[in-house]
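> what's the 3D shape of this:
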Amino acid sequence: MLPMKRYLRAWCVGWCLIFLAVNGAAGRKVSVSGQETNIRKYNKCYLEAICQKAMGNHAAEYELLEHALKYCPQASEAVFELAQLRAQNPLFSEDDVDSLFQEALRLDSANNQYRWELARHKLTVGKLDEAVPLLNELTRDRVLRYNAFSFLATIYERQNKDSLLLYTLQRWESEEGGDESVSMAKYRALSRLGRYQEALGLADTLCMNYPQSDYYPVLRAESYLYMGDTLKALAENQKIMKQSPENGYAQLFLVRYYQQTGRKDSLLKKVEEVIMNPKQDMETRVQFMGNYINANRGADGYRADSLFGELLNQPMEEAGLMNLYVSYLAQKKAPDSLYAPVMHKMLEIDPSDKQSRLREVWSLFQKQQYKEAVASAAEGLKYDKTQILLYILGGNSSMILGEKEKALEFFEGGRPYVNNTSERETISDYFSAYADLLHEMERKEESYAMYDSSLVYNPSNVSTLNNYAYYLSLGEEHLDKAMKMASLAVKYAPDEATFLDTYAWVYFVTHDYDNARIYIEKAIKNLKGNKTDASVYEHAGDIYSQLGLKDEALKAWKKAMELKSESTTLERKLKQQKYIRQ
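Sure, this is the predicted structure:
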């Protein structure tokens, strides 16, 4: 058996020989005497280019095509292939590509495939008017005319040229037989042109041809409404709703009816019914809710609040309305607490929704609902094991709960996926949190290695700088490194009491008590009533004691005791009225 590359090449050669034979017979007539050598060289280059194309080697294909055209500049097939390649390359301008397609068509004006690709290129670059004559010619091609009619109809509809649209649809219907979509496009065009009687007739035909449709009977009511016969329009719609009370199209018709007849209260009520109707398609409900929000802003707030509240309790399979709710809350600058039930609902609809999962876990962590944060993070990782933030939040929450082994599971679980994110700050936070856990588990050397990794990814990670410096100072090791890191942490966050306390303590263990006093007093000024406050006051007492300020030391130690310090030496310090090393 031939290896795959050789097999593909052999297949290309066979296919290309047939292509060239057919193309040569149908295309140019070449004098064997004067141009035989150039034609042979052209065929060789072009054949090789087609082989390279089949193997996906487009750079080689491009070079070979340019070479081939040196031997035979009038070869339409090579010009066309070159145009297709340039169309995929952003280095070439739209005009360059356009001129090549046009040249290919000029050289072989009967080739509708060239004409089709030129039309498609013009549509792609927005030259709709230039595409129209090409598409009109293609409507005479039995193979391509369906697509040509479809594109023409789209162009005329986009340009609001309803007369031309209607003419094209009628031709399409006559030559291709038409279908349901063509009839609907004709109905819309007739309605926009004000030819309501014809539109009504077409609605009758659609009802007859598609008796199972819930939509086409509503078109009859719509036609009467367009004609200004509101009574007949309402009667037609009521007849539909009597037969099918849950018909969503009939519900939507009532919105248009109340709008046109100026019945604002009825309109708002009907809009609310459409929004709350679980059988209505989600796209329509979202559109109506968006309009409802815009229409009901006022000094008393939004009437939409209660609707969104009800929607939270409604079973849903799509998240469209909840996505709108998130945007609505952001627009109102709502507090984070209001997002939580929305995120929960979105996860109920789609448990694999990454953004909703991250937002829910973060919200639970912020609200100190650590047990729930752990559960939600673990659930999210079942659907996507690469979410590093979930490992961080789940691990930190477990640490706070005192569940160190559970926290270790989170951090070890995330290790294989660290490099799946390009966000260096996130990777740094992962290693930092992992290091904190390892230090608590008395795995000191591993902890330091993790802190080092954290600083590789983000040298200004203040949490890493502070914690690493503090733990080094507690062990009275690498104090120069600890001093440098503590200094950087304070530089980046000069009012953070914890960082000032660390900096003060590094000075303390290096016996620079005067500087230690400066920074511990700054730390006390910036305290915010956290659990760590007791430790700051105890450090202050230790520093005052070493400076010989006995009264200040006792006062600070007593404050630490009042704040329920967990220190094992604090009571002895108070009794003996001196600093005792832990």
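> wait, what's in contact with residue 384?
By Cβ atoms under 8 Å, 6 or more residues apart in numbering, the residues touching residue 384 are 352, 354. For glycine as for every other residue, the C-beta is placed from the backbone atoms N, C-alpha and C.
> From here on, call the first residue 27.
Let's use 27 as the start, then, which means that last one is residue 410.
> From residue 419, how far off is it?
Counting by Cβ to Cβ, to the nearest Å, the gap from residue 410 to residue 419 is 14 Å.
> Kindly report the same for residue 349.
23 Å.
> With residue 545 instead?
31 Å.
> Let me know the pLDDT of residue 284.
We have a pLDDT of 84 for residue 284.
> what's the burial count for it?
The number of residues packed around residue 284, counting by other Cβ atoms under 10 Å, is 18.
> quick one: low-confidence ranges for the protein?
When residues are selected by pLDDT under 70, those of the chain lie in 27-61, 321-328, 557.
> follow-up on the earlier one: mind checking which of residue 349 and residue 419 has more residues around it?
The neighbour comparison of residue 349 against residue 419 (other Cβ under 10 Å) goes to residue 419, with 24 against 16.
> my guess is the more buried one contacts residue 404, does it?
No. Between residue 419 and residue 404 there is no contact under Cβ atoms under 8 Å: 10.6 Å.
> Quick check: which element contains residue 281?
According to DSSP states H and E, residue 281 maps onto helix 274-287.
> Which other helices and strands does that helix contact?
Packing contacts for helix 274-287, counted by 3 or more Cβ pairs under 8 Å, 6 or more residues apart in numbering; DSSP states H and E, involve helix 242-252, helix 256-269, helix 290-302, helix 308-321.
> Name the nearest residue to residue 379, sequence neighbours excluded.
Sequence neighbours aside, residue 372 is the residue nearest to residue 379 in space, at 5.5 Å (criterion: Cβ to Cβ, 6 or more residues apart in numbering).
> Who are the contact partners of the one you found?
For residue 372, the contact set (Cβ under 8 Å, 6+ apart) comprises 345, 348-349, 379, 382.
> what's near enough to touch residue 250?
Listed by Cβ under 8 Å, 6+ apart, the contact partners of residue 250 are 226, 256, 258-259, 262.
> With neighbour count and distance to residue 585 as extra columns, can I get those in a markdown table?
Formatted as a markdown table, the contacts of residue 250 follow (neighbours: other Cβ atoms under 10 Å; distance: Cβ to Cβ, whole Å):
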| residue | neighbour count | distance to residue 585 |
| --- | --- | --- |
| 226 | 20 | 87 |
| 256 | 13 | 80 |
| 258 | 15 | 85 |
| 259 | 23 | 80 |
| 262 | 21 | 82 |
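> Can you add distance to residue 72 and give the residues you listed back as a markdown table?
Shown next, in a markdown table, are the contacts of residue 250 (distance: Cβ to Cβ, whole Å):
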| residue | distance to residue 72 |
| --- | --- |
| 226 | 59 |
| 256 | 69 |
| 258 | 68 |
| 259 | 65 |
| 262 | 65 |
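> Closest one of these to residue 170?
Nearest to residue 170 among the contacts of residue 250: residue 226, at 34.5 Å, using Cβ to Cβ.
> so which strand or helix has the closest one?
Applying DSSP H and E, one finds residue 226 within helix 222-235.
> quick one on the thing from earlier: figure out how far whichever strand or helix holds the residue nearest to residue 379 is from the centre of its chain.
Using DSSP H and E, the element containing residue 372 is helix 366-375. From the chain centre to the centre of helix 366-375 is a distance of 18 Å (Cα atoms, centre = their mean, to the nearest Å).
> okay, now residue 537: neighbour count?
By the criterion of other Cβ under 10 Å, residue 537 has 8 neighbours.
> Okay, it and residue 572: tell me how far apart.
8 Å.
> and if you look at residue 360?
According to Cβ to Cβ, residue 360 and residue 572 sit 51 Å apart.
> again with residue 502
Counting by Cβ to Cβ, the separation of residue 502 from residue 572 is 15 Å.
> same deal with residue 179?
Here the criterion is Cβ to Cβ. By it, residue 179 lies 88 Å from residue 572.
> just residue 514 next, same as before
For residue 514, the distance to residue 572 equals 25 Å [Cβ to Cβ].
> And for residue 607?
Residue 607 is 11 Å from residue 572, by Cβ to Cβ.
> ok, these two, which is more surrounded?
More neighbours surround residue 572 than the other of residue 607 and residue 572, with 16 against 6 (other Cβ under 10 Å).
> Now that that one has come up, it's in contact with residue 536, right?
No. Shown here, residue 572 and residue 536 do not form a contact pair, counting by Cβ under 8 Å, at 11.9 Å.
> returning to that earlier point: which residues touch the helix holding residue 226?
Applying Cβ under 8 Å, 6+ apart, the external contacts of helix 222-235 come out as 206, 209-210, 212-213, 216-217, 239, 242-243, 245-246, 248-250, 252-253.
> 10 Å instead, please
Outside of helix 222-235, the residues within contact range by Cβ atoms under 10 Å, 6 or more residues apart in numbering are 192, 206, 209-210, 212-219, 221, 239, 241-255.
> cool, stretch 541-555 as well?
Contacts for stretch 541-555 (Cβ under 10 Å, 6+ apart): 512, 516, 519-536, 538-539, 558-559, 562-563, 565-570, 572-573, 575, 578, 582, 585, 589.
> tell me how far that stretch is from the chain's mean position?
Distance of stretch 541-555 from its chain centroid, counting by Cα atoms, centre = their mean, is 44 Å.
> got it, and stretch 579-593?
Centre-to-centre, stretch 579-593 and its host chain are 51 Å apart (Cα atoms, centre = their mean).
> same question, stretch 595-608
Distance of stretch 595-608 from the chain centroid (Cα atoms, centre = their mean) equals 58 Å.
> and if you look at stretch 519-528?
With Cα atoms, centre = their mean as the basis, stretch 519-528 stands 37 Å off its chain's centre.
> in it, what's buried?
519, 522-528 (16 or more other Cβ atoms under 10 Å).
> which of those sit farthest apart?
519 and 527 (12.2 Å).
> Now for these two: what residues contact both?
Shared contacts of residue 519 and residue 527, counting by Cβ under 10 Å, 6+ apart, come down to 492, 552.
> tell me which strands and helices the helix or strand hosting residue 433 is in contact with?
Under the criterion of DSSP H and E, residue 433 resides in helix 430-440. Secondary-structure packing of helix 430-440 (3 or more Cβ pairs under 10 Å, 6 or more residues apart in numbering; DSSP states H and E): helix 396-409, helix 414-426, helix 450-466.
> quick one: it to helix 396-409, angle?
Helix 430-440 runs at 30 degrees relative to helix 396-409, counting by axes from the mean of the first three to the mean of the last three Cα atoms, to 10 degrees.
> Now do helix 430-440: distance to the chain's middle.
Centroid displacement of helix 430-440 relative to its chain, using Cα atoms, centre = their mean, is 29 Å.
> quick one: the residue sitting nearest the centre point of the chain and residue 63, what's the gap?
A centroid search over the chain (Cα atoms, centre = their mean) returns residue 381, at 9.1 Å, as the residue closest to the centre. For residue 381, the distance to residue 63 (Cβ to Cβ) stands at 65 Å.
> got it, and residue 239?
Distance of residue 239 to residue 63, computed by Cβ to Cβ: 68 Å.
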